[in-house]
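Asker: predicted model and sequence below, questions to follow.
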Amino acid sequence: MSGRRLKLRKIRDVLRYKYEYGLSHTKIAGALGVGKGSVHNIIERFSKSGHTWPLPENLSDSDLESWLYPETADKHHQNATLDMDYLEKELRRPHVTLQLLYEEYRAEHPDGLSRSVFYERFSKYRLKKPDMKVIHKGGDLLFVDFSGDGLEYIDRETGEIHSVELFVCSWGASSYSYAECLETQRIEDFIPCHPMCFEYFGAVPHGLVPDNLKSGVKKACRYDPVLNPLYRKMAEHYGTAIIPTRVRKPKDKAVVESNVLHIQRFILGRLRNREFFSLSEINEAVWENLKEFNIRPMKDYGGMSRKERFLEIDLPYAKPLPAKRFMITDIKFNLRVAPNYHIRYKDHYYSVPWEYVRKRVDVYQVGNIIEIYHDNCHVCRHRFGTRRYHYTTVTEHMPKEHRFVRGWSKGWFIFEAGKTGPGTAEAVKTIMEQKEHIQQGFNASLGVLRFAKLYSPKRLENACLRALHFKNVSYHSIKTILEQKLDEEPLIKTGKTAQRTLFHDNIRGAEYYKYQERINYNA
């Protein structure tokens with residue numbers, strides 16, 4: 001028979017049958033169903049241990065084992081040592097297993113410990129932390145994560161290879177899962193896939209458990225994380241809560257971590273040799289395999305599939321889908337309305353009613369529509385402007401006679417410019433007239449008036465006169481004149497000027513042409 005040790009319970013029975021009942025080794029072996037040699041070995045070891053029967057009442061199994069199988073009896077085990085701190089440190093590194101460490105150990109020590117003893121010693125050294133089995137309630141939590149591995153497709157036009165990210169979410173109770181490939185993990189891709197997965201499930205969970213990626217959590221914190229505004233708005237629309245995991249705590253989302261691994265093996269493994277030419281083509285293949293993944297029987301749950309468990313456990317207790325899908329694609333909070341009653345959003349300027357000047361507004365982008373809110377009340381909407389640094393202005397948003405709440409107007413700017421000189425006043429008037437709306441010239445006019453402080457009123461007046469002379473009046477042209485000190489040079493006179501006579505061997509002069517005329521006439 002093999003030298004495998006008997007369980008401590010049977011060892012106690014062998015000793016009791018021998019010393020309490022006086023049975024022979026043969027009868028003990030037959031009664032306990034063990035080998036006669038094993039019985040003999042136990043009795044011999046107990047005799048050599050120096051202890052007597054009966055055993056102490058409070059003797060533990062570990063102490064009894066140490067009596068019968070002292071480590072000092074194995075010279076090889078006694079002399080072999082392991083660097084436990086090194087093993088513990090290496091196991092924390094990615095892709096390192098205890099089997100790999102044992103193979104490296106045997107490469108250095110060919111006559112070292114056997115695999116079973118190596119594992120046994122490490123397990124005794126390592127402090128085992130108790131794991132709490134989390135029982136998830138039906139319909140409660142949906143765990144969200146990205147797979148470390150993904151797929152790729154080839155652009156037919158350029159031949160460029162694009163790698164895509166695999167988004168996975170799983171219910172805590174049933175492990176029913178959804179998967180989709182995205183171009184990136186950025187918020188413009190991350191947010192829209194949530195409505196897709198809710199519609200796939202036909203229900204909304206009471207809570208979402210994402211990782212701490214920037215698209216979902218702006219600032220990670222164990223106690224009070226700061227959520228991305230758009231992610232929070234999406235959760236409000238569906239009536240669910242966001243509960244980010246703790247940083248570097250993968251056990252907080254063990255359900256989805258496990259399903260990510262299963263999906264990698266089940267879906268990515270099946271698609272590893274396929275060639276794709278678009279993201280939609282990849283997703284069609286992923287969803288086809290996902291359907292099979294969710295209806296596959298699970299051995300640990302009596303052959304029930306994830307879908308069957310979802311229909312029985314999660315769906316009855318989850319929240320219903322809202323009537324409308326979440327459509328907001330971007331959010332900016334707390335934007336200040338400028339003095340010209342415009343806000344700047346993605347390098348374009350949009351007007352709001354002039355009464356909201358210097359107030360704070362929120363901007364929601366829904367596709368190509370810009371919705372503006374103040375104090376959670378709708379103010380106005382615009383079409384998304386694609387031209388950078390251009391204005392979208394609604395006439396109704398402008399104050400009467402273009403007056404501004406601070407008293408700014410076309411006349412006010414011209415009056416202020418007149419304090420510097422008539423040239424400056426005329427330049428400001430020209431700048432105002434060039435704009436589609438007068439208020440759009442306020443900033444440029446303010447910039448021109450500011451040059452009087454940066455340089456001097458005299459230089460500003462000369463620069464404006466020069467810009468007017470060359471009919472190129474703008475903030476930038478006046479700025480260039482001042483920076484290059486062109487205002488210090490005299491303007492070219494438009495009247496008649498004295499002509500200078502040039503003398504040179506190659507210059508024929510007026511007398512030459514008069515002589516030619518006489519020759520031609522006589523001819």
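Answerer: Structure's in. What do you need? Numbering: from 1, shown residues only.

Asker: for the rest of this, base every contact and every neighbour count on C-alpha atoms.
Answerer: Fine.

Asker: mind listing the strands for the stretch 51-200 of the chain?
Answerer: 141-146, 152-154, 161-163, 165-171, 177-182 (DSSP state E, counting those that start in this stretch).

Asker: would CSV of those strands with mean neighbour count, distance to Lys214 and mean pLDDT be doable?
Answerer: As requested, those are exported to CSV (neighbours: other Cα atoms under 10 Å; distance: least, Cα to Cα, whole Å; pLDDT from 0 to 100):
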stretch, mean neighbour count, distance to Lys214, mean pLDDT
strand 141-146, 24, 13, 88
strand 152-154, 19, 23, 92
strand 161-163, 15, 20, 92
strand 165-171, 24, 15, 90
strand 177-182, 24, 16, 92
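
Asker: including distance to Glu396, could those strands go into TSV?
Answerer: Below are those laid out as TSV (distance: least, Cα to Cα, whole Å):
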stretch	distance to Glu396
strand 141-146	46
strand 152-154	50
strand 161-163	47
strand 165-171	46
strand 177-182	42
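
Asker: out of the ones you listed, flag the one nearest Gly22.
Answerer: Distance to Gly22, taken as Cα to Cα, is lowest for strand 165-171 among the strands of the stretch 51-200 of the chain, at 61.0 Å.

Asker: can you spell out which helices and strands pack onto the closest one?
Answerer: strand 141-146, strand 177-182, helix 254-263 (3 or more Cα pairs under 8 Å, 6 or more residues apart in numbering; DSSP states H and E).

Asker: residues in contact with the first one?
Answerer: I take that to be strand 141-146. The contact list for strand 141-146 (Cα atoms under 8 Å, 6 or more residues apart in numbering) reads 165-173, 205-211, 253, 255-257, 260.

Asker: partners of that strand in the sheet?
Answerer: Paired with strand 141-146 in the same sheet, following DSSP bridges, are strand 165-171 (antiparallel), strand 207-209 (parallel).

Asker: contacting residues around Pro229?
Answerer: Contacts of Pro229 (Cα under 8 Å, 6+ apart): Ile331.

Asker: related to what we said a few turns ago, ok, which of the strands of the stretch 51-200 of the chain comes nearest Val473?
Answerer: The nearest among the strands of the stretch 51-200 of the chain, by Cα to Cα, is strand 161-163 at 49.2 Å.

Asker: name every strand pairing with that closest one and say which way it goes.
Answerer: Counting by DSSP bridges, strand 161-163 is paired with strand 152-154 (antiparallel).

Asker: work out the gap between the partner strand and the centre of the chain.
Answerer: 22 Å (Cα atoms, centre = their mean, to the nearest Å).

Asker: again, but for stretch 277-293
Answerer: 23 Å.

Asker: stretch 208-218 too?
Answerer: Counting by Cα atoms, centre = their mean, stretch 208-218 comes out at 7 Å from the chain centroid.

Asker: residues in contact with Glu461?
Answerer: Residues near Glu461 by Cα under 8 Å, 6+ apart: 420-424.

Asker: ok, Lys346 next?
Answerer: Contacts of Lys346 (Cα under 8 Å, 6+ apart): Arg388.

Asker: and if we set it to 10 Å?
Answerer: 332, 384-389 (Cα atoms under 10 Å, 6 or more residues apart in numbering).

Asker: among these, which ones are buried?
Answerer: 384-385 (16 or more other Cα atoms under 10 Å).

Asker: farthest-apart pair in the contacts of Lys346, please.
Answerer: Lys332 and Arg387, at 19.0 Å, using Cα to Cα across the contacts of Lys346.
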